[in-house]
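[1] give the three-dimensional model of this entry:
(one chain, ligands or ions: 2)
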Amino acid sequence: MAIDEERGARVYYARANGTYRDAVPIDAVGGRPYVLVVADMDADGAVDVIVGYVRAQPVVLYNDGTGRAFERVPFGDADGSAYGFAIADLDADGTLDIAVARSDARNVVYFGTALPVRKPMPSNPSAQQMINRDATSVADESPSNPMTDARPS
Ligand SMILES: [Ca+2]
Ligand SMILES: [Ca+2]
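    Ligands and ions are numbered 1, 2, ... in the order given. Predicted structure coming up:
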């Protein structure tokens, strides 16, 4: 897999002889992608792709299981520039969480309970709200009101 600022996220599928086919785009071109990681975010057995951008919402690209079709689901906010992701079950609740290192914005953790377990439609506003609801800063002392507290006071 690769990203670049001109062509977005792309996959190089390997051939049996050890070479690679031409790159296949898997994300919309528009933002400037800056970081990419893979993890099975919805625990369906298919590896998904998380892409971070310069001043745009990060996205999870949910793999339909073929590795050829991905459903794009933005999450979080568009503050700063995401340059690093770490994926782990940070709160040990059985769901993968996403820690995001950003420049020009606070570093944040998106807990897996706020990310869709089943694939929502990208245009579903209630799913988007569900993703945003539990976004909270790692430095936040009061996660009961995460969206307010995520803003610098
Ligand atoms: Ca998956
Ligand atoms: Ca978790």
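[2] for ligand 1, what are the nearby residues on this protein?
    Proximity of the chain to ligand 1 (C-beta under 5 Å from the ion) is limited to residues 40, 42, 44, 46, 48. For the C-beta atoms, the positions are set from N, CA and C on the backbone; glycine is no exception.
[3] what about Gly94, neighbour count?
    Gly94 has 9 neighbouring residues, counting by other C-beta atoms under 10 Å.
[4] just give the nearest non-adjacent residue to it, would you?
    Gly112 (7.9 Å; C-beta to C-beta, 6 or more residues apart in numbering).
[5] still on that earlier bit, out of the residues of the chain next to ligand 1, list just those in strands.
    Asp48 (DSSP state E).
[6] point out where the protein drops to low pLDDT.
    Low-confidence segments of the chain (pLDDT under 70): 29, 115-153.
[7] against ligand 2, how distant is Gly31?
    Applying C-beta to the ion, to the nearest Å, one obtains 26 Å for the distance of Gly31 from ligand 2.
[8] next one: Ile87
    Distance check for Ile87 against ligand 2: by C-beta to the ion, it reads 10 Å.
[9] cool, and Glu5?
    According to C-beta to the ion, Glu5 and ligand 2 sit 31 Å apart.
[10] tell me, how many residues neighbour that residue?
    12.
[11] quick one, what contacts it?
    Residues counted as contacts of Glu5 (C-beta atoms under 8 Å, 6 or more residues apart in numbering) are 32-34.
[12] at 6 Å what do you get?
    Contacts for Glu5 (C-beta atoms under 6 Å, 6 or more residues apart in numbering) come out as Arg32.
[13] so which bits of the chain are right by ligand 2?
    Applying C-beta under 5 Å from the ion, one finds that the chain approaches ligand 2 through 89, 91, 93, 95, 97, 112.
[14] surely the last one meets Leu96?
    The reference is to Gly112. Yes. Gly112 is within contact range of Leu96, at 5.0 Å (criterion: C-beta atoms under 6 Å).
[15] right, I'll leave it there.
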